[in-house]
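*Asks:* Using only what follows, build the 3D model:
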Amino acid sequence: MSLKMNIIYNTAISAVNAALKTYARFLPKTPRYKFQEFVKGRVGLIRRVYQEMANDDKSLPVVWFHASSLGEYAIARPLIARLKAKRKVRIVMTFFSPSGYRVVSKNHQDIDHVFYLPLDTILNTSNFVKAVNPAAAVFLVSEYWPNMLQTLKFKAIPTFLVSAKIRSDAPFFKWYGKIYRDALSTYKHFFVLDEDSRFNLKMLGWDNMTVSGDPLFDNASLMARTEWSDPVIERFIADGRPVFMAGSVSEKNDIALVAETVNRHPQIRSIIVPHDIGRRQIEAIQQSLERKAVLYSQVTENTDFSQIDTLIIDSVGKLAYLYRYATMAYVGGGFTPLLHSVIEATVYGVPVSFGPCIERKITPQQMIELGIGQMVRTPEELSSWVDKFTPGLLAEIKEKCAEYVERNLGATPKIVNMIEHYVWPTE
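*Replies:* Model prediction:
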């Protein structure tokens, strides 16, 4: 880092760290909101890491995976499963956001420990890396924490960036971007999603990259092949009507489009899966609906679905499995730079729609070109899209989806082979 940017960054992050420590003293024992979870989860974090890992078999190396949130964890999942199947290894998984930590900490097959990522101060990062002592670190998508990466580099820990999309307008190319360009020097290898990312990394002076594809395809395909059913959903859709599923509904634009589409289509069944199942988000969706809806958590054996058009899923962790029940799907987050996974629906052969902010994503653009995805900006566009599907068109899209997914499988073994090369170099 340049000295000036280093001072500015570390002053800012240290101030935030101190403020959050003070705020944490006044938090309720059980956090009510996402930000409170974010703060509470980091109280005594380093001590907790040492305590939880104290009784581990130290002869087994640690591979540390870090994801920002639950969506990025889907990339790590097939990598972790393959690594665990091939090697005796300990897996540590960290999250920046509560959305990932909340779900995975409760159900973490193949993962030995789940923690929050500490805030990126010099002291925090040094203590965390010392506590975890990873033989390798794997960061997902776009994680560039300067102090953490500098610590990993100083300790000569092989570090990889997976599913990276390096755009020409990214911070690396800005006047203030040296702090981020320096962070790139930590990575032993970049696994990028496309040729544009390869070219942009070359422009920055790096050639240690592979265009590997996206492990999300491997993960979603695995989940699609996994036996899973939900008796509530199956009762809800038992009358055979088409099913419109809105997954990861994230903010007001998503709600407006989805609610209006649901309101206009009494002839279909609608399932809405909010990204955030907090009370405010659920209430915002309920207030936007004119047709009768019920919360998943309120369904009983006596619930009469004949008078209910819409089911709102107020629980987390089901979405990637739920898409198997969809006829057509809308994926939320597309009115921000944070469009959620469209692949999770595509692996079931389901046509997918999404908002207009897809510049940072490769898959939605490819899906539009293939005719299996659709960008929508207004309730009218989404409603028209829902109306167009005939049995023949759905069958054609299902076939195209299968071909598209098949072409994109196989990123996982490439990435795991590289990790193995650095963790077990003498084999």
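*Asks:* Any buried residues in stretch 282-296, and which?
*Replies:* 282, 284-285, 288-289, 293-294, 296 (16 or more other CB atoms under 10 Å). C-beta coordinates here come from the backbone N, C-alpha and C atoms, glycine included.
*Asks:* biggest helix in the protein by residues?
*Replies:* helix 3-24 (DSSP state H).
*Asks:* chain center to that helix, what's the gap?
*Replies:* Offset of helix 3-24 from its chain centre (CA atoms, centre = their mean, to the nearest Å): 27 Å.
*Asks:* Use 840 as the first number for this chain going forward.
*Replies:* Okay, using 840 as the starting number, the last item reads as helix 842-863.
*Asks:* Name the SS class of F1030, please.
*Replies:* strand (DSSP: H, G, I helix; E, B strand; the rest coil).
*Asks:* from the buried residues of stretch 1121-1135, which ones fall inside helices?
*Replies:* Counting by DSSP H, the buried residues of stretch 1121-1135 contribute 1121, 1123-1124, 1127 to helices.
*Asks:* show me the contacts for G1188.
*Replies:* For G1188, the contact set (CB atoms under 8 Å, 6 or more residues apart in numbering) comprises 1236-1238, 1240-1241.
*Asks:* So which residues of the stretch 890-1039 of the chain form strands?
*Replies:* Under the criterion DSSP state E, counting those that start in this stretch, the stretch 890-1039 of the chain contains strands at 901-906, 929-934, 952-955, 975-979, 998-1003, 1026-1031.
*Asks:* If you count neighbours, what's buried in the last one?
*Replies:* If you call a residue buried by 16+ other CB under 10 Å, then strand 1026-1031 has these buried ones: 1026-1031.
*Asks:* Among those residues, which pair sits farthest apart?
*Replies:* K1027 and V1031 (14.0 Å; CB to CB).
*Asks:* Distance-wise, check the most centrally placed residue in the chain relative to V942.
*Replies:* By CA atoms, centre = their mean, the chain has its centre lying nearest to G910, at 1.1 Å. Counting by CB to CB, to the nearest Å, the separation of G910 from V942 is 11 Å.
*Asks:* cool, A974 as well?
*Replies:* Counting by CB to CB, the gap from A974 to V942 is 26 Å.
*Asks:* try R1199
*Replies:* 24 Å.
*Asks:* same question, P1218
*Replies:* 31 Å.
*Asks:* Next: V1071.
*Replies:* 19 Å.
*Asks:* burial measure for the residue nearest to R1130 when sequence neighbours are not counted, as a count.
*Replies:* Excluding its sequence neighbours, the residue lying closest to R1130 (CB to CB, 6 or more residues apart in numbering) is D1148, at 4.3 Å. Residues contacting D1148 under the criterion other CB atoms under 10 Å number 21.
*Asks:* Could you list which residues are in contact with D1148?
*Replies:* D1148 touches 1101, 1105, 1107-1109, 1130-1132, counting by CB under 8 Å, 6+ apart.
*Asks:* Output those as a markdown table; include the columns pLDDT.
*Replies:* What follows is the contacts of D1148, written out as a markdown table (pLDDT from 0 to 100):
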| residue | pLDDT |
| --- | --- |
| V1101 | 96 |
| P1105 | 90 |
| I1107 | 95 |
| R1108 | 96 |
| S1109 | 97 |
| R1130 | 86 |
| K1131 | 91 |
| A1132 | 94 |
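*Asks:* Is it correct that L1134 is in contact with D1153?
*Replies:* Yes - in this structure, L1134 is within contact of D1153 by CB atoms under 8 Å, at 4.9 Å.
*Asks:* Identify the bridge partners of the nearest residue to D951 once chain neighbours are set aside.
*Replies:* Nearest non-adjacent residue to D951, counting by CB to CB, 6+ apart: R929, 4.7 Å away. In this structure, R929 bridges to V901 when assessed by DSSP bridges.
*Asks:* Quick check, R929 in contact with K897.
*Replies:* No - contact criterion CB under 8 Å: R929 and K897 do not qualify, at 9.1 Å.
*Asks:* more crowded one of those two?
*Replies:* The neighbour count for R929 versus K897, taken as other CB under 10 Å, is higher for R929 (22 against 11).
*Asks:* Roughly how far does A858 sit from L958?
*Replies:* From A858 across to L958, the span is 10 Å (CB to CB).
*Asks:* and these two? which has more neighbours close in?
*Replies:* Set A858 next to L958 and count neighbours by other CB under 10 Å: L958 wins out with 21 against 11.
*Asks:* Contact partners for the residue nearest to the centre of the chain?
*Replies:* Counted by CB under 8 Å, 6+ apart, G910 has contacts 939, 1087, 1179-1180.
*Asks:* Same question for N1058.
*Replies:* 913-914, 916-917.
*Asks:* let's see 10 Å
*Replies:* 912-920, 1159, 1180, 1182-1183, 1186, 1250-1251 (CB atoms under 10 Å, 6 or more residues apart in numbering).
*Asks:* what does V1191 give?
*Replies:* 1084, 1086, 1162, 1165, 1167-1170, 1180-1185, 1202-1203, 1206-1207, 1211-1213, 1236, 1240.
*Asks:* Would you mind confirming that L1233 makes contact with V1189?
*Replies:* Yes - the criterion here is CB atoms under 10 Å, and L1233 meets it with V1189 at 8.7 Å.
*Asks:* shared neighbours of the two, anything?
*Replies:* 1166-1167.
*Asks:* The two - which one has more neighbours?
*Replies:* Legend: neighbour count by other CB under 10 Å for L1233 and V1189, higher for V1189 (23 against 16).
*Asks:* For the more buried one, give me its contacts.
*Replies:* With contacts defined as CB under 10 Å, 6+ apart, V1189 is in contact with 1082, 1084, 1162-1168, 1181, 1183, 1211, 1233, 1236-1237, 1240.
*Asks:* And the pLDDT at it?
*Replies:* pLDDT recorded at V1189 is 98.
*Asks:* likewise E1266?
*Replies:* E1266 is given a pLDDT of 65.
*Asks:* Over to I1258?
*Replies:* What the model reports as pLDDT for I1258 is 95.
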